[in-house]
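*Asks:* I need the structure of the sequence given here:
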Amino acid sequence: MKRKAKSRWPFPLLALSGLLAAGCAGSGGEEACTATGGESGVAVAWKPADFATSASGTSHTDTGGLVAELCAHGVCESRTVGKADGDASPLLSSVELDEETGEGRVPVRFTVTARDDGDRVLFDERADVELRKYQPNGKDCPSTFFRATLTAAPEQGLAANPLGSVP
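*Replies:* Here you go, the predicted structure:
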């Protein structure tokens, strides 16, 4: 005996329309974007202890300090630290750039000097780095900035890192 099948199609269609509505609210709409922000600029990771040990004639525990200066696209920032600071963890020196700088190559210079013996230059490297577009909230959301990260070490010089990686 053939049973008359009940029509269940309204339930799946209602469920499907609910899923589609939820999916649309989360794709590209302002509500789905996070509030992650950032600034355009260049950052250099470096370990003061590495530079202090490269300073011949000075002690690693000398309190004279180091001065690091990072310049990118004509904007410079300086930072003074003690030679014993930073142990095994890298410090991050950074320069904010105007967002209108956009994507492209910019000149960078990173110097480290020893203050205890007449501001002797321990490290002076230049590089042209590529600012990359970074959109932490997704390509359809606000907050777009342009960044480059580098690592500075006495033996390796100044080297660009892949986007988003800092040692």
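*Asks:* low pLDDT regions in the chain?
*Replies:* 1-31, 35, 53-64, 83-88, 117-119, 162-167 (pLDDT under 70).
*Asks:* so which residues of it form strands?
*Replies:* Using DSSP state E, the strands of the chain run over residues 41-46, 66-72, 75-81, 91-96, 104-114, 120-134, 145-153, 157-160.
*Asks:* next, count neighbours for the residue lying closest to residue 93 once chain neighbours are set aside.
*Replies:* Counting by Cβ to Cβ, 6 or more residues apart in numbering, residue 70 is the residue found nearest to residue 93 once chain neighbours are left out, at 4.5 Å. For the C-beta atoms, the positions are set from N, CA and C on the backbone; glycine is no exception. Residue 70 has 24 neighbouring residues, counting by other Cβ atoms under 10 Å.
*Asks:* contacting residues for residue 70?
*Replies:* Residues in contact with residue 70, defined by Cβ atoms under 8 Å, 6 or more residues apart in numbering, are 42, 44, 76, 77, 93, 94, 95, 108, 109, 110.
*Asks:* over to residue 51?
*Replies:* Applying Cβ under 8 Å, 6+ apart, one finds that residue 51 lies in contact with 66, 83, 112, 122, 123, 154.
*Asks:* dump the residues you listed to CSV, plus neighbour count and distance to residue 102.
*Replies:* CSV is the format used below for the contacts of residue 51 (neighbours: other Cβ atoms under 10 Å; distance: Cβ to Cβ, whole Å):
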residue, neighbour count, distance to residue 102
66, 26, 33
83, 23, 38
112, 26, 29
122, 19, 33
123, 20, 29
154, 17, 33
